[in-house]
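Q: Below: sequence and its predicted model.
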Amino acid sequence: MNRQQLLELLQSIKDGELTPAEGVRRLEHFPFQDLGFARVDHHRTLRQGFPEVVFGQGKKPEHVAAIVESLLRQKSNILVTRCSREVYRRLRKVTAKASYHESARAASILQDPKIYGVGIVHVVCAGTSDIPVAEEAALTARLMGNEVRTTFDVGVAGIHRLLSVRGDLAKARVIVAVAGMEGALPSVVGGLVRVPVIAVPTSIGYGGSFGGLTALLAMLNSCASNVAVVNIDNGFGAGYVASLINRLTNDD
């Protein structure tokens, strides 16, 4: 939508030809900015509550930087997942607000510190090898405006460690449970709480784990009815969905 089209739309609302709600519905699908190599969706915040997230892996640093520079105009938080240090150094030339999160393998730009979630997102992981995926989930949820708590290394091989934080888990509105190997953690957590548990299988484990496939199938077959599953190593997806759940109110 160009400037003239936007002015015409606003005039239609002013003249009563369109209601404000109808105007918003029309704007939900516009506009995007064509950079030649990418089409940046500037109205994703309006449609979905959070700006377009940049997947950094495999992209040229200059391309990622150009996309981020375009997104900066929205004054919203920005997340670049699977981001290398080379890409991050390029982002620092665009804005000094860029931060690098080594463990999460991501870069972020904080422009809106407001909390939008109504409760706590609690991210737990089974072992220390699962921390990078858990950190990606936690970072995503934080940037989307949630209070986030993390608990690491509470796998079922030493289940007393998990039980020691049962009280904290009970305070969460949604839980992200990250595990590799046999992927048992989400089922156990699901049996302890009455809130949604988003299970994240990781590619951590010996040969029989098949790069996370064993954990994925175990989580999909969980006997805990409150467990839902995202793809292997998809901490971002888990954090995003957890945030959407945490933003829901009785008015939505």
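A: Received, thanks.

Q: just checking, Asn246 touches Asn146?
A: Yes - between Asn246 and Asn146 a contact is recorded at 5.4 Å, counting by Cβ atoms under 8 Å. For glycine as for every other residue, the C-beta is placed from the backbone atoms N, C-alpha and C.

Q: any common contacting residues for those two?
A: Contact criterion Cβ atoms under 8 Å, 6 or more residues apart in numbering; residues shared by Asn246 and Asn146: 117, 120-121.

Q: Is the spatially closest residue to Lys93 that is not a sequence neighbour in a helix, a strand, or coil?
A: Excluding its sequence neighbours, the residue lying closest to Lys93 (Cβ to Cβ, 6 or more residues apart in numbering) is Ala65, at 6.9 Å. Following DSSP: H, G, I helix; E, B strand; the rest coil, we place Ala65 in the helix state.

Q: Ala65: what's it in contact with?
A: So Ala65 contacts 87, 90-91, 93-94 (Cβ under 8 Å, 6+ apart).

Q: Could you list the single helix or strand in the chain with the lowest mean pLDDT?
A: Scoring the helices and strands of the chain by mean pLDDT, DSSP states H and E places strand 32-34 at the bottom, with a mean of 73.

Q: Just checking: what are the partner strands of that strand?
A: strand 39-41 (antiparallel) (DSSP bridges).

Q: Report the residue ranges of every domain in this structure.
A: Split into domains by automatic domain parsing, the chain comes to 16-109, 120-247.

Q: Among these, show me which one is buried the most.
A: domain 120-247 (a mean of 21; mean count of other Cβ atoms under 10 Å).

Q: And what about Ser187, helix, strand or coil?
A: helix.

Q: For the residue nearest to it when sequence neighbours are not counted, give me its contacts.
A: What sits nearest to Ser187 in space, not counting adjacent residues and going by Cβ to Cβ, 6+ apart, is Ser222, at 4.4 Å. By Cβ under 8 Å, 6+ apart, Ser222 lies in contact with 186-187, 190, 199, 229.

Q: go on, Ala224?
A: Ala224 neighbours (Cβ under 8 Å, 6+ apart): 186-191, 197.

Q: can you do 6 Å?
A: Applying Cβ atoms under 6 Å, 6 or more residues apart in numbering, one finds that Ala224 lies in contact with 187, 190-191.

Q: Next: Arg105.
A: Arg105 neighbours (Cβ under 6 Å, 6+ apart): Arg82.

Q: next one: phi and psi at it?
A: phi 60, psi 50 (degrees, to the nearest 10).

Q: before we move on, what about Ile78?
A: Dihedral angles for Ile78 - degrees, to the nearest 10 - are phi -130, psi 140.
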